[in-house]
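Sequence isn't available, so here's the structure alone:
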């Protein structure tokens, strides 16, 4: 009996010691964990220090930033940006996914879910900058509610980076890295190729060729079947069909064609042209310069912009002549580019070729306009299908009718010609 009591006492005291140890550890951990401030604005600043900078903010630091915001010297967006764009945050050298997690913790004060982090990581991987993700979070409704609870204005922030201004073009470059080089882009490389496309220095074909011709791609030492498969995925955005794969691999195996020749033929297919259209880029500047050399020469001087092209055509000196559509658009445009004078057919032809070089769905129009005597006079102008509708551009009208506007209008607009019996010449 005494032994049983003794064992029970030993067991009791052992359990008590363990429980005391656990309570002591929990108490120590609680003492080590700083209490979150009750003031919403101080809590926001605390979260910015811990989530963005990965450290605790000193009391005087928290007081400084919360005080500045409380006095209206900083909006919520400006407050967060001081942490995100300062010297300290980049030193953490976070990967894209961890950057997104830090953004959620610091700005929104919560953990980002796996789906949220995965989504924004994918957006960055598709070419967008971290600044773009920052702008989306800082302009979000959720952050707005946090700022309202803090008693401060939310403010706003927008990325000015080229990749965010042209997200579809950035995505085109990003997929070249992924499909050709089997890796994620480096930011400097993406910005280079993006600049080439946006500035019209290279088109989709030239940039794709640059990836296929790179030493990095050649170092992969792909067999012919693998090479053709990459061509399908990269240039046609699909997997190869069996017959097509056999055909192209046969051409390479027999040495009837080189890889460069196969690549170029792939880039002449309608599917690649359509892919370029979907990403909002030129199919080929080489092709454009070959088709419209004089138009490209003018665009190089005035800028690759439709308004600048239109203004150049408006500046042509009007000369009465018997020139008409029978001379053909190419001859009429050449006359305008070389002499910068002519009649309405010349005005329309020069603007048409420049818009073609710019990649617009444009057409030179031939028809008639009502004259002051109530009759019809032959005339030529340009139509462009854009933004889901058809617009009229009439540079000769603007030149010969001072004070009138021939830029981008709909048929029947007050103050413009009354057009009749017209058709698309090309």
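The structure has been received and is ready for your questions. Since the structure is predicted, the reported quantities are computational estimates derived from the model, not experimental observations.

Would you map the strands across the stretch 251-400 of the chain?
In the stretch 251-400 of the chain, the strands defined using DSSP state E, counting those that start in this stretch lie at 317-318, 341-342, 361-370, 376-386, 389-393.

Of all those strands, which one is nearest residue 43?
If you check each of these against residue 43 by CB to CB, strand 376-386 wins as the nearest, at 49.6 Å. Backbone N, C-alpha and C define where each C-beta goes, glycine included.

Tell me which of the strands of the stretch 251-400 of the chain lies nearest to residue 271.
strand 361-370 (18.4 Å).

is it possible to export the strands of the stretch 251-400 of the chain to CSV including mean pLDDT and mean neighbour count?
What follows is those, written out as CSV (pLDDT from 0 to 100; neighbours: other CB atoms under 10 Å):
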stretch, mean pLDDT, mean neighbour count
strand 317-318, 97, 12
strand 341-342, 96, 18
strand 361-370, 94, 19
strand 376-386, 95, 19
strand 389-393, 96, 17
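
got these as TSV, with distance to residue 199 columns?
What follows is these, written out as TSV (distance: least, CB to CB, whole Å):
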stretch	distance to residue 199
strand 317-318	31
strand 341-342	30
strand 361-370	21
strand 376-386	21
strand 389-393	24
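
Run a quick neighbour tally on the nearest residue to residue 392 once chain neighbours are set aside.
Nearest non-adjacent residue to residue 392, counting by CB to CB, 6 or more residues apart in numbering: residue 409, 5.4 Å away. By other CB atoms under 10 Å, the residues close to residue 409 number 15.

List the residues that contact residue 409.
391, 392, 416 (CB atoms under 8 Å, 6 or more residues apart in numbering).

Please apply the same query to residue 197.
166, 169, 172, 173, 203, 204, 207, 281, 282.

Apply 6 Å and report the result again.
169, 281 (CB atoms under 6 Å, 6 or more residues apart in numbering).

I'd assumed it was in a strand, is it?
No. According to DSSP: H, G, I helix; E, B strand; the rest coil, residue 197 belongs to no strand; its state is helix.

where does it land on pLDDT?
Each residue has a pLDDT score; the one for residue 197 is 92.

Kindly report the same for residue 20.
Residue 20 carries a pLDDT value of 52.

what do you get for residue 276?
88.

where's the residue nearest to residue 392 relative to residue 416, distance?
6 Å (CB to CB, to the nearest Å).

do residue 323 as well
Distance from residue 323 to residue 416, by CB to CB: 23 Å.

Can you find the helix or strand in the protein with the smallest mean pLDDT?
Lowest on mean pLDDT, DSSP states H and E among the helices and strands of the chain sits helix 2-32, with a mean of 51.

Moving C-terminal from that helix, which element do we reach first?
Using DSSP states H and E, the next helix or strand after helix 2-32 towards the C-terminus is helix 40-47.

how about the helix or strand just after that following helix: buried residues?
Downstream of helix 40-47, the next assigned helix or strand under DSSP H and E is helix 59-70. Buried residues in helix 59-70, defined by neighbour count with 16 or more other CB atoms under 10 Å: 62, 65, 66, 68, 69.
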